[in-house]
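>>> Sequence first, predicted coordinates after that:
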Amino acid sequence: CGTALAAGGIDVCLLDKGRGPGGRMATRRAEIGGQAVSFDHGAQYFTAREPAFRAAVAAWEEQDAVGSWPAAGDDAWVGKPGMNGPIRVMADSLNVRWGVRALSLVREETGWHVDAGDHSFAAKRVLIAVPAEQAAELLEEAAPDLAAIASAVRSEPCWAVMVAFEKGLEIAPDSLRSAEAPIAWAARNSAKPGRVGKECWVLHASPTRSRELIDLPKEAAANVLLADFWEQTGAQPQKPSHLTAHRWLYAMPVAVKGNPARYDAGNGVGIAGDYLHSPRVEGAFLSGKALAALVMDQMV
């Protein structure tokens with residue numbers, strides 16, 4: 001959304017509570033045995049079907065920010081050197097304030113006041129592109145109609161395990177998936193294009209298993225899910241050289257029907273996200289692009 005608005009000549013400032021680009025396309029870095037490695041602990045890959053997104057992916061490929069990954073499918077792409085590669089490329093040309101979380105919004109005569117704790121911002125328009133549950137909370141008083149749309153969304157949680165081993169596992173495919181087992185997705189992260197490191201895996205628990213373990217400390221959840229992985233694959237267990245976990249509370253939303261983005265032109269506030277289109281990277285991209293178009297149409 002920010003990229004499209006900036007290309008249209010609109011002054012854009014993005015606030016992101018994260019320390020760097022990624023969100024659910026995040027890449028976690030670690031040092032193992034003196035070597036820096038990375039784990040794509042959020043989205044594992046994405047597909048490109050719609051012309052607008054295919055064009056964006058082609059541009060990212062020219063910038064060496066993405067690469068194809070046939071192990072996940074004929075139309076599977078991953079960011080390079082981490083999943084956040086294309087996010088980093090887009091952010092480089094925009095005014096992004098990292099580590100800044102919007103806490104509240106207040107509508108004033110001249111526009112919006114955004115309270116972000118140690119920072120405050122004034123803007124003519126405010127566009128919210130965060131998980132639905134967080135958007136609903138932020139917009140509850142400022143834009144109740146939009147908050148109601150977001151609050152109707154329910155997202156499935158996901159525990160993600162990042163694990164590395166000194167020796168290669170005797171598992172032939174680089175990616176495994178299951179609709180019924182505790183580990184819904186497992187990928188040899190080190191086999192993706194542009195990655196470095198030895199035997200690095202990312203395990204995603206199923207929504208059911210994630211809910212069962214939702215309140216566990218991350219160390220305990222990691223151990224339980226690693227045990228699930230050994231049982232599920234039948235591979236010879238190894239002691240990991242690195243093991244940690246991350247809990248995604250809003251991993252997979254059930255998209256609401258209707259327009260891919262919503263914009264209240266009178267008050268200058270809008271929402272975008274995969275929950276308005278489809279729960280995929282492409283869905284998030286197309287929703288953001290749609291919101292930018294709504295804004296620019298109102299400015300003509």
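That came through fine. Residues are numbered from 1 along each chain as shown.

>>> Please list all residues in contact with the closest residue to Thr27 other than its chain neighbours.
Setting aside the residues directly before and after it, Thr27 is nearest to Gly82 in space (C-beta to C-beta, 6 or more residues apart in numbering), at 3.0 Å. (Glycine included, C-beta is placed from N, CA and C.) Residues in contact with Gly82, defined by C-beta atoms under 8 Å, 6 or more residues apart in numbering, are 22, 27, 29, 38, 40, 194-195.

>>> any chance you could map the helices in the stretch 101-250 of the chain?
132-139, 144-151, 207-212, 218-233 (DSSP state H, counting those that start in this stretch).

>>> Tell me which residues of the first one come out buried.
When neighbours are counted by 16 or more other C-beta atoms under 10 Å, the buried residues of helix 132-139 are found to be 132-136, 138-139.

>>> now those residues in JSON lines, with pLDDT?
Shown next, in JSON lines, are the buried residues of helix 132-139 (pLDDT from 0 to 100):
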{"residue": "Ala132", "pLDDT": "96"}
{"residue": "Glu133", "pLDDT": "96"}
{"residue": "Gln134", "pLDDT": "96"}
{"residue": "Ala135", "pLDDT": "97"}
{"residue": "Ala136", "pLDDT": "97"}
{"residue": "Leu138", "pLDDT": "97"}
{"residue": "Leu139", "pLDDT": "97"}
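
>>> Dump the C-alpha coordinates for the biggest helix by length in the chain into PDB.
Counting residues, the longest helix found in the chain (DSSP state H) is helix 281-299. This file holds the C-alpha atoms of helix 281-299, laid out as PDB (Å, rounded to 0.1, in the frame of the first residue of the first chain):
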ATOM      1  CA  VAL A 281       1.100 -13.300   1.100                       C
ATOM      2  CA  GLU A 282      -0.500 -12.500  -2.300                       C
ATOM      3  CA  GLY A 283      -3.800 -11.700  -0.500                       C
ATOM      4  CA  ALA A 284      -2.100  -9.200   1.700                       C
ATOM      5  CA  PHE A 285      -0.300  -7.600  -1.200                       C
ATOM      6  CA  LEU A 286      -3.500  -7.300  -3.300                       C
ATOM      7  CA  SER A 287      -5.400  -5.900  -0.300                       C
ATOM      8  CA  GLY A 288      -2.800  -3.200   0.300                       C
ATOM      9  CA  LYS A 289      -2.700  -2.300  -3.400                       C
ATOM     10  CA  ALA A 290      -6.500  -2.000  -3.400                       C
ATOM     11  CA  LEU A 291      -6.500   0.300  -0.400                       C
ATOM     12  CA  ALA A 292      -4.000   2.600  -2.100                       C
ATOM     13  CA  ALA A 293      -6.200   2.700  -5.200                       C
ATOM     14  CA  LEU A 294      -9.200   3.700  -3.000                       C
ATOM     15  CA  VAL A 295      -7.200   6.500  -1.400                       C
ATOM     16  CA  MET A 296      -6.000   7.900  -4.700                       C
ATOM     17  CA  ASP A 297      -9.400   7.600  -6.400                       C
ATOM     18  CA  GLN A 298     -10.800  10.000  -3.700                       C
ATOM     19  CA  MET A 299      -8.000  12.500  -4.300                       C
END
